[in-house]
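1. This is a predicted model, with the sequence first.
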Amino acid sequence: MPDKKDYYEVLGIPRDSSEKDIKGAYRKLAMKYHPDRSEDPGAEEKFKEISEAYAVLSDPEKRQKYDQFGHAGINSQYSQEDLFRGVNFEDLLRGFGFGGGAGRGGGESIFDMFFGGGRGQPARGRDLRYDIDITLEQAASGLESTIDVPRTENCPTCHGSGAKPGTSPTTCSNCRGTGQITRAQNTPFGQMVTSSACPKCGGRGQIIVTPCADCSGSGRVRKNRKINIKIPPGVEDGQHLKLRGQGDSAGPGMENGDLYVVISVRPHPLFQRVESDLLMETPISFTQAALGTDLEVATLNGRAKIKVPAGTQTGTIFRLRGKGMPRLQGLGSGDLHVKVRIKTPSALTERQRQLLEALAVEFGEKRKKQTEKEKSLIDKIVDEVKSAVQ
Ligand SMILES: [Zn+2]
Ligand SMILES: [Zn+2]
């Protein structure tokens with residue numbers, strides 16, 4: 001077995017590269033060598049090589065072992081499968097127009113693509129993304145909606161063939177229908193055979209003599225397609241629905257891409273969400289807190305009562321079981337936590353002020369100003385007490 005190339009050399013980066021540099025270098029090379037894109041027969045081997053280098057260098061633990069012990073440190077510790085485990089190539093390459101190339105057949109890892117399964121499957125249409133914004137109330141109740149998705153479909157007039165109905169495409173004479181041009185060259189090392197897409201038919205193997213008028217012979221049309229979606233109750237911000245086969249078409253007989261509907265849940269003015277629980281704050285008056293009260297609070301789907309006991313302190317949290325968000329798995333709902341904040345009375349009327357002054361005196365926080373009449377009354381009581389004691 002020939003010696004393996006240095007992973008840093010494979011990616012063309014210095015040994016002290018940052019994680020970001022490693023990712024950048026990998027993406028750039030993947031663009032060039034991805035087997036779905038490149039005509040170069042050596043591309044697949046090269047792609048495998050850069051993917052392995054990326055799998056190792058993007059994982060801090062594997063990178064450290066490699067830096068310390070080289071390939072021996074990696075080979076002794078990890079199987080080929082382990083090497084690629086945990087690397088999400090699909091995410092890394094999404095949006096490159098690979099037609100979901102890294103995940104052909106759906107759910108297959110890049111490992112399957114190289115080492116089994118997945119081989120020889122036809123290309124798929126591109127995956128599409130659609131963003132939708134919903135309210136917290138909609139996230140709680142779930143939502144059925146129709147979205148308008150612009151996508152590429154097979155032309156309905158020619159059913160994707162590109163040929164005007166009633167006419168047929170002819171076999172390309174240049175490549176005799178194979179779509180590939182093979183060229184043999186004699187070199188000092190022996191005969192080298194290279195194959196590339198036929199330039200005359202663009203690799204399709206067929207020539208359209210009379211193009212379909214509706215798609216100008218491309219076989220594909222852009223269409224805004226109305227698609228029904230069902231967002232389940234309890235959905236969280238950032239989660240997505242995957243609608244299999246609702247993405248772009250790649251041509252007749254080929255699998256469509258998938259449609260990813262990415263859900264954003266807008267922040268709510270009243271409720272803050274923590275997983276399936278909701279938090280809210282509500283003001284209560286100083287007298288309600290001191291005397292106790294039945295408090296009515298808003299919930300996501302109506303109202304609820306809280307019994308606030310006498311002597312409640314500010315910051316006390318009351319829990320309303322089951323009044324939070326529904327759980328996605330259908331296992332009931334979270335709780336609503338209501339935190340009370342005591343409002344200090346302000347803008348007092350004269351009477352309110354007097355009552356509070358009296359209360360302050362009652363609490364011993366303030367000396368009462370005595371009137372002359374009260375003074376003489378108190379003096380009189382004091383005298384009476386004194387004479388009684390003597
Ligand atoms: Zn057409
Ligand atoms: Zn051809």
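-> That came in fine, so what should we check first? Numbering: from 1, shown residues only. Ligands and ions are numbered 1, 2, ... in the order given.

2. neighbouring contacts of the helix or strand hosting Q138?
-> Here Q138 sits within helix 136-141, counting by DSSP states H and E. By C-beta atoms under 8 Å, 6 or more residues apart in numbering, the residues outside helix 136-141 that reach it are 231, 233-236, 263, 265-268, 271, 273, 300-301, 325-326. Bear in mind the C-beta positions are built from the backbone N, C-alpha and C, glycine included.

3. ranking these by neighbours, who comes first?
-> In terms of neighbour count, M325 stands highest of the contacts of helix 136-141 at 25 neighbours, by other C-beta atoms under 10 Å.

4. And for the closest residue to that one other than its chain neighbours, the neighbour number?
-> Spatial nearest neighbour of M325, chain neighbours left out: S276 (4.7 Å); criterion: C-beta to C-beta, 6 or more residues apart in numbering. Other residues near S276 come to 19 when the count uses other C-beta under 10 Å.

5. so who does S276 touch?
-> By C-beta under 8 Å, 6+ apart, the neighbours of S276 are 234, 324-327, 333-334.

6. how much space between it and Q246?
-> Distance of S276 to Q246, given as C-beta to C-beta, to the nearest Å: 29 Å.

7. element containing A304, please.
-> Using DSSP H and E, A304 falls in strand 302-308.

8. wait, D67
-> Element membership for D67, per DSSP H and E: helix 60-75.

9. need the contact list for the nearest residue to S285 once chain neighbours are set aside.
-> Using C-beta to C-beta, 6+ apart and skipping the chain neighbours, the partner closest in space to S285 is K343 (5.7 Å). By C-beta under 8 Å, 6+ apart, the residues touching K343 are 283-286.

10. L300 too?
-> Contacts of L300 (C-beta under 8 Å, 6+ apart): 136-137, 140, 271, 278, 323-325, 336.

11. can you check Y7 too?
-> Y7 touches 52-53, 56-57, 66, counting by C-beta under 8 Å, 6+ apart.

12. Distance of it relative to L29?
-> Counting by C-beta to C-beta, the gap from Y7 to L29 is 12 Å.

13. would R353 count as being in a helix?
-> Yes. R353 forms part of a helix when assessed by DSSP: H, G, I helix; E, B strand; the rest coil.

14. number of nearby residues for the residue in the stretch 1-150 of the chain positioned nearest to ligand 2?
-> With C-beta to the ion as the measure, E39 is the residue of the stretch 1-150 of the chain nearest to ligand 2, at 13.7 Å. For E39, the tally of surrounding residues (other C-beta under 10 Å) stands at 12.

15. Could you do L331 as well?
-> 9.

16. which bits of this protein sit near ligand 1?
-> 155, 157-158, 212, 214-215 (C-beta under 5 Å from the ion).

17. Buried ones only from those residues, please, as a PyMOL command.
-> With 16 or more other C-beta atoms under 10 Å as the criterion, this PyMOL line picks the buried residues out of those:
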select buried, resi 155+158+212+215
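
18. what does the chain have sitting close to ligand 2?
-> 172, 174-175, 198, 200-201.

19. rerun that using 6 Å as the cut-off
-> 172, 174-175, 179, 198, 200-201, 205 (C-beta under 6 Å from the ion).

20. And the strands in the stretch 251-390 of the chain, which stretches?
-> Secondary structure of the stretch 251-390 of the chain by DSSP state E, counting those that start in this stretch: the strands cover 259-265, 272-274, 277-285, 293-299, 302-308, 317-320, 336-343.

21. quick one on the thing from earlier: contacting residues around the strand holding A304?
-> Applying C-beta under 8 Å, 6+ apart, the set of residues contacting strand 302-308 is 284, 288-289, 292-297, 318, 320, 323, 336, 338, 340.

22. Now, of these, which are buried?
-> Burial by neighbour count, judged by 16+ other C-beta under 10 Å, picks out 284, 288-289, 293, 295, 297, 318, 320, 323, 336, 338, 340 from those.

23. What about A30, how many residues nearby?
-> 21.

24. Would you agree it falls within a strand?
-> No. With three-state DSSP as the criterion, A30 is assigned helix and is not in a strand.

25. quick one: low-confidence parts of the stretch 151-300 of the chain?
-> Applying pLDDT under 70 to the stretch 151-300 of the chain flags the ranges 189.

26. show me what contacts L83?
-> 52, 55-56, 62, 74.

27. centroid residue for the protein?
-> G238 (3.7 Å; C-alpha atoms, centre = their mean).

28. Please report how far it lies from L143.
-> 16 Å.

29. Which of the residues in stretch 178-195 are classified as buried?
-> Result for stretch 178-195 [16+ other C-beta under 10 Å]: buried residues 179, 181.

30. before we move on, what about stretch 205-213?
-> Those would be 205-208, 211-212, for stretch 205-213 by 16+ other C-beta under 10 Å.

31. Go through those residues and flag which are in strands.
-> 206-207 (DSSP state E).

32. Show me which of the buried residues of stretch 205-213 is closest to ligand 1.
-> C212 (3.0 Å).

33. ok, now which ones touch the closest one?
-> 155, 157-158, 161-165, 219.

34. Closest one of these to S18?
-> G219 (44.4 Å; C-beta to C-beta).

35. Fine, thanks again, bye for now.
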